[in-house]
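1. coords please:
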Amino acid sequence: MEIQQGRAPTDADMLDLNWRLENISSNIGLCNDILKQLVTLSSALLGAASIFDNMVTPNYINVGVMFSFFASLIIAFLGLLPFEQVISSNTPANIEIYKQKALRHKRRYLWVSAFVLVIGFGFIMGELTLKMFTK
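-> Residues are numbered from 1 along each chain as shown. Okay, here's the model as predicted:
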């Protein structure tokens, strides 16, 4: 059996590895912060939409607006839940893959929540535009 020869990682290799791991970790934290803000924004808009129901007159549009804001709230909340997966932490590559999956998972929830929030605003803007041109 032959003994394998290797070399120690260079400073540049270690810097690259540490930067990638720190960058992914900070992006996960940033996604969590944005998801928290989406929860706050969606819940405030849902409350405002339920109080100011005369802003959007047709009930079906009002239901669409409230449903969009509620869906955005739920999706953002689900995105805040911890990402769990069983991994082997023996190698840095496994940890990096886990963090990449966690970031991808959170970003998916973030984008879907934001998109649904924009749909709610689209309902409002469409209704206000129709009111403006029909008067």
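
2. how about the backbone phi and psi for residue 85?
-> Dihedral angles phi and psi of residue 85 (degrees, to the nearest 10) take the values phi -160, psi 140.

3. go on, residue 116?
-> Torsion angles at residue 116 (phi, psi; degrees, to the nearest 10) stand at phi -70, psi -40.

4. how much space separates it from residue 26?
-> Distance, residue 116 to residue 26, using C-beta to C-beta, to the nearest Å: 26 Å. (Glycine included, C-beta is placed from N, CA and C.)

5. those two: who's more crowded?
-> Neighbour count, other C-beta atoms under 10 Å: between residue 116 and residue 26, residue 116 has more, with 21 against 11.

6. quick check: nearest residue in space to that one, chain neighbours excluded?
-> residue 72 (4.4 Å; C-beta to C-beta, 6 or more residues apart in numbering).

7. who are the packing partners of the host helix or strand of that neighbour?
-> Assigned by DSSP states H and E, residue 72 belongs to helix 59-80. Judged by 3 or more C-beta pairs under 8 Å, 6 or more residues apart in numbering; DSSP states H and E, helix 59-80 is in contact with helix 11-51, helix 92-134.

8. ok, the residue nearest the centre of the chain to residue 49 distance?
-> The residue lying closest to the centre of the chain (C-alpha atoms, centre = their mean) is residue 110, at 1.5 Å. To residue 49, residue 110 is 22 Å away according to C-beta to C-beta.

9. likewise for residue 60?
-> Distance, residue 60 to residue 49, using C-beta to C-beta: 14 Å.

10. who has more neighbours, those two?
-> More neighbours surround residue 49 than the other of residue 60 and residue 49, with 22 against 9 (other C-beta under 10 Å).

11. any idea how far residue 114 is from that one?
-> Using C-beta to C-beta, residue 49 is found at 17 Å from residue 114.

12. where does residue 21 land on pLDDT?
-> pLDDT for residue 21: 73.

13. need the contact list for it.
-> Shown in contact with residue 21 (C-beta atoms under 8 Å, 6 or more residues apart in numbering): 92, 95-96, 99.

14. one step back: buried residues in the helix holding residue 72?
-> For helix 59-80, the buried set under the neighbour-count rule, 16 or more other C-beta atoms under 10 Å, comprises 62, 64-73, 75-77, 79-80.
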